[in-house]
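Trainee: no sequence on hand, only this structure:
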């Protein structure tokens, strides 16, 4: 017997289509890309994902040519009221530690530092992030002042 979608009531079809919590992941909404360059700039100052994303993957692409030791970039996420303190605390930690304080609970997520032509990514849970004031930044010494932006987990519309 051949099944016809025409026999499924519209409300039931809509419920099936929107019931999946991974729907946003399927359309790429849970995967974001940001670029950093040799001019010490990110190409975005705002990033957001819908609350339907259980996890998000951030990919950082270094579009410049300089080595990580000279103009490296990473992507770090923390609460906005502590991001500068985290960046300053990481300055003495060195490139091997991605210029981040080890095991610092203020860091929600971070990538490794990469140089020109390289990319890196991090996947993290969005649980508990929906109502928080978050900032992403680069922790390479001195970069956080220019390379930062807001990160939000947007509430679902009702």
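Mentor: Right, received. Where do you want to start? All figures in this text were calculated on a predicted structure; none of them were measured in a lab.
Trainee: from here on, contacts and neighbour counts on C-alpha atoms
Mentor: Fine.
Trainee: ok, and the closest non-adjacent residue to the most centrally placed residue in the chain?
Mentor: Nearest residue to the geometric centre of the chain (C-alpha atoms, centre = their mean): residue 58, 3.9 Å. In this structure, residue 58 finds its nearest non-sequential neighbour in residue 32, 4.9 Å apart by C-alpha to C-alpha, 6 or more residues apart in numbering.
Trainee: now that neighbour: how far from residue 110?
Mentor: Distance, residue 32 to residue 110, by C-alpha to C-alpha, to the nearest Å: 14 Å.
Trainee: could you do residue 98 as well?
Mentor: Per C-alpha to C-alpha, residue 98 is found 9 Å from residue 110.
Trainee: joint contacts of the two?
Mentor: The contact sets of residue 98 and residue 110 overlap at residue 74 (C-alpha atoms under 8 Å, 6 or more residues apart in numbering).
Trainee: rewinding a little: what's the local residue count around the residue nearest to residue 58?
Mentor: Counted with other C-alpha atoms under 10 Å, residues neighbouring residue 32 total 15.
Trainee: tell me the SS of it?
Mentor: strand (DSSP: H, G, I helix; E, B strand; the rest coil).
Trainee: what's near enough to touch it?
Mentor: Listed by C-alpha under 8 Å, 6+ apart, the contact set of residue 32 reads 47, 56-59.
Trainee: follow-up on the earlier one: tell me the bridge partners for the residue nearest to the centre of the chain.
Mentor: When bridges are called by DSSP bridges, residue 58 pairs up with residue 32, residue 122.
Trainee: contacting residues for it?
Mentor: Contacts of residue 58 (C-alpha under 8 Å, 6+ apart): 31-34, 121-123.
Trainee: separate out the buried members of those residues.
Mentor: The neighbour count (16 or more other C-alpha atoms under 10 Å) marks 31, 34, 121-122 as buried among the contacts of residue 58.
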